[in-house]
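Asks: generate coordinates for the sequence data below:
(chains A and B)
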Amino acid sequence: EAQVTQNPRYLITVTGKKLTVTCSQNMNHEYMSWYRQDPGLGLRQIYYSMNVEVTDKGDVPEGYKVSRKEKRNFPLILESPSPNQTSLYFCASSLSIKSKAFFGQGTRLTVV
Amino acid sequence: AQSVAQPEDQVNVAEGNPLTVKCTYSVSGNPYLFWYVQYPNRGLQFLLKYITGDNLVKGSYGFEAEFNKSQTSFHLKKPSALVSDSALYFCAVRDVSGNTGKLIFGQGTTLQVKP
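Replies: Residues are numbered from 1 along each chain as shown, chains lettered A, B, ... in the order given. Below you'll find the predicted structure:
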């Protein structure tokens, strides 16, 4: 089954404790991205990747890092999480920048 | 700057009645438009897209959308609503002009279908 898998689904952590949210897709998609969803703001792009070893900032990249060492994986790294990063995070992939996006189930992160 | 607006936070409709969820956009160049639906505790699911061609686009679960270039709108419609259609709906446009591929989302519209 074609899918985007994120882990964990839920995470509560403390300020400053590094964490990684994993994302993996099994569709051989080149384009992957991370979004955060906040009430009243819709979804905003954090980072995106056009292909392996090619990543770039989206609209709200501060406080986040990503890597794309393999085509299927695109982890989101929070080196020093802060409470304003409490949000619902989605990973997405698509065949190209013009194609429909497939979304993961989401990761609800709470930073206390 | 490219943007998407969904003017209604919530739309209420009775089961069996037609529904419309509104979306307007502002882009430079040709728009690549999408509708997604989000059920509670789930990711976003693709409903339909407009790239080119017929202005009336048919999608999943009986939904359709009408692209109107002069009004820069892409409203989502369904002839007969079901209670199970109750969810959060997002309109989005792909940023292809800047080559980022970013999906620019509206704020979302909650659809409530009452029995």
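Asks: is stretch B:51-70 in proximity to chain A?
Replies: Yes: shown here: stretch B:51-70 in contact with chain A (Cβ under 8 Å from any Cβ of the partner chain) through residue B:51. The way it works is simple: take the backbone N, C-alpha and C, and place the C-beta from them, glycine included.
Asks: up against chain B, what does chain A have?
Replies: A:4, A:31, A:33, A:35, A:40-45, A:48, A:50, A:56, A:58-59, A:90, A:92, A:94, A:96-98, A:100-106.
Asks: quick one: low-confidence parts of chain A?
Replies: For chain A, applying pLDDT under 70 flags no range at all.
Asks: up against chain A, what does chain B have?
Replies: So far as Cβ under 8 Å from any Cβ goes, chain B lies against chain A at B:4, B:32, B:34, B:36, B:41-46, B:49, B:51, B:90, B:92, B:94, B:96, B:99-103, B:105-108.
Asks: and those residues, which of them are buried?
Replies: Among those, the ones that count as buried by 16 or more other Cβ atoms under 10 Å in any protein chain shown are B:4, B:32, B:34, B:36, B:43-44, B:46, B:49, B:51, B:90, B:92, B:94, B:96, B:100-103, B:105-108.
Asks: of these, which belong to strands?
Replies: B:4, B:34, B:36, B:44, B:46, B:49, B:90, B:92, B:94, B:103, B:105 (DSSP state E).
Asks: so which strand or helix has the residue nearest to residue A:68 when sequence neighbours are not counted?
Replies: Nearest residue to residue A:68, sequence neighbours excluded (Cβ to Cβ, 6 or more residues apart in numbering or on different chains): residue A:49, at 4.3 Å. Residue A:49 is part of strand A:42-51 when elements are defined by DSSP states H and E.
Asks: any chance you could list what contacts the very next helix or strand once past that strand?
Replies: Later in the chain than strand A:42-51, the nearest helix or strand by DSSP H and E is strand A:54-57. For strand A:54-57, the external contacting residues (Cβ atoms under 8 Å, 6 or more residues apart in numbering or on different chains) are A:47, A:48, A:49, A:50, A:66, A:67, A:68, B:100.
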